[in-house]
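A.B. asks: here is my input; please provide its structure:
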Amino acid sequence: MKFLSKIRILSLTLFIVSLTLIPALDGKTTSNKLVYDYSPEWMADYRNAIGLFWRGDYSSAEHAFRKLLQNDPENASGIIFLADCQQAQGNRQQAAKNYDKAYQILKKKSELRKEIVPDAKEPEIYADLTYSLNAMGRYHDAKQIGMLGILEGESPDLYVNMAYTFLKLGLPEIANEVFCKSQEVTDPRELNNLTYQRLNILFEDGRGWIDCPDDESTGPKGINSGHLTSGKNN
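C.D. replies: Next comes the predicted model:
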């Protein structure tokens, strides 16, 4: 009986912890990932905040993301964009704190998701993890996380972020190959307008660092190379 009581207490504890880690929004599970149903109004405000960021109005975008996060403080994507706004305005110390905050939230959610949905596969969460680690200059950690994400499935944003990781690790050829891999799973124009430009604007002073042919006859090698699969820090 004592053993069963301990099991019940442990189960209740895990349930309470799950409620603190998952956004207080209507959520549902599917066979392969967790899906959150955000209200149309919330999504409209979120898109508006992102629009302000891309127009270069970082101060207004920061205010918009802060307002969104009042109702959903565990929204890691919003926290990362908030950090991006701060980074763009030169507030690197506060940006670093928010990148780390987002990383900690994402790490917990990635571990919790496996308990709730054992076969969960959502590489996008690893894309945000890699982005946050890159932003903090933790490139070796970003490589390790990115490799785990690639095992989960294909994500264009993850490939782009991994390309940046390899660039900062002094492996520009591998970076180029991994970026080209991303174009196999999405519209290249989206990449050039979104994650790629974000990295350029915030961390590379607007300099382009990819030379990916439009029509590549042979598949990229970096994604299958020892650099990506060995797990060693090169």
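A.B. asks: domains in this structure, as residue ranges please.
C.D. replies: Annotated domains of the chain cover 39-120, 123-234 [automatic domain parsing].
A.B. asks: and residue 70, helix, strand or coil?
C.D. replies: Using DSSP: H, G, I helix; E, B strand; the rest coil, the structure places residue 70 in helix.
A.B. asks: neighbours of it, just the number please.
C.D. replies: A count of neighbours around residue 70, defined by other C-beta atoms under 10 Å, yields 8. Yep, even glycine has a C-beta here, placed from its N, CA and C like the rest.
A.B. asks: hmm, back to that, okay if I get the domains of the chain as a markdown table plus mean pLDDT?
C.D. replies: Formatted as a markdown table, these follow (pLDDT from 0 to 100):
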| stretch | mean pLDDT |
| --- | --- |
| domain 39-120 | 90 |
| domain 123-234 | 80 |
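A.B. asks: for the helix or strand containing residue 104, buried residues please.
C.D. replies: Residue 104 is part of helix 92-116, with elements assigned from DSSP states H and E. Across helix 92-116, burial judged by 16 or more other C-beta atoms under 10 Å covers 95-96, 98-103, 105-106, 108-110, 112-113.
A.B. asks: what's the answer for stretch 66-75, then?
C.D. replies: Neighbour-count burial for stretch 66-75 flags 68, 69, 72, 74, 75 (criterion: 16+ other C-beta under 10 Å).
A.B. asks: please export the C-alpha coordinates of that stretch as CSV.
C.D. replies: Extracted in CSV, the C-alpha atoms of stretch 66-75 (Å, rounded to 0.1, in the frame of the first residue of the first chain):
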residue,chain,number,x,y,z
ARG,A,66,6.5,41.9,-24.0
LYS,A,67,2.8,42.3,-24.1
LEU,A,68,2.3,38.9,-25.6
LEU,A,69,4.5,37.3,-23.0
GLN,A,70,2.4,38.7,-20.2
ASN,A,71,-0.3,36.2,-21.1
ASP,A,72,2.1,33.4,-22.2
PRO,A,73,5.4,33.8,-20.3
GLU,A,74,6.6,30.3,-21.3
ASN,A,75,6.4,31.0,-25.1
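A.B. asks: next, residue 75: phi, psi?
C.D. replies: Note on residue 75: backbone dihedrals following degrees, to the nearest 10 are phi -80, psi 100.
A.B. asks: and the helices in this protein?
C.D. replies: Per DSSP state H, the chain carries helices over the ranges 2-21, 40-54, 58-71, 76-88, 92-116, 123-135, 139-152, 156-168, 172-182, 188-193, 195-203, 226-229.
A.B. asks: okay if I get those as JSON lines plus distance to residue 210?
C.D. replies: As requested, the helices of the chain are exported to JSON lines (distance: least, C-beta to C-beta, whole Å):
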{"stretch": "helix 2-21", "distance to residue 210": "36"}
{"stretch": "helix 40-54", "distance to residue 210": "19"}
{"stretch": "helix 58-71", "distance to residue 210": "24"}
{"stretch": "helix 76-88", "distance to residue 210": "20"}
{"stretch": "helix 92-116", "distance to residue 210": "23"}
{"stretch": "helix 123-135", "distance to residue 210": "15"}
{"stretch": "helix 139-152", "distance to residue 210": "17"}
{"stretch": "helix 156-168", "distance to residue 210": "7"}
{"stretch": "helix 172-182", "distance to residue 210": "5"}
{"stretch": "helix 188-193", "distance to residue 210": "9"}
{"stretch": "helix 195-203", "distance to residue 210": "7"}
{"stretch": "helix 226-229", "distance to residue 210": "17"}
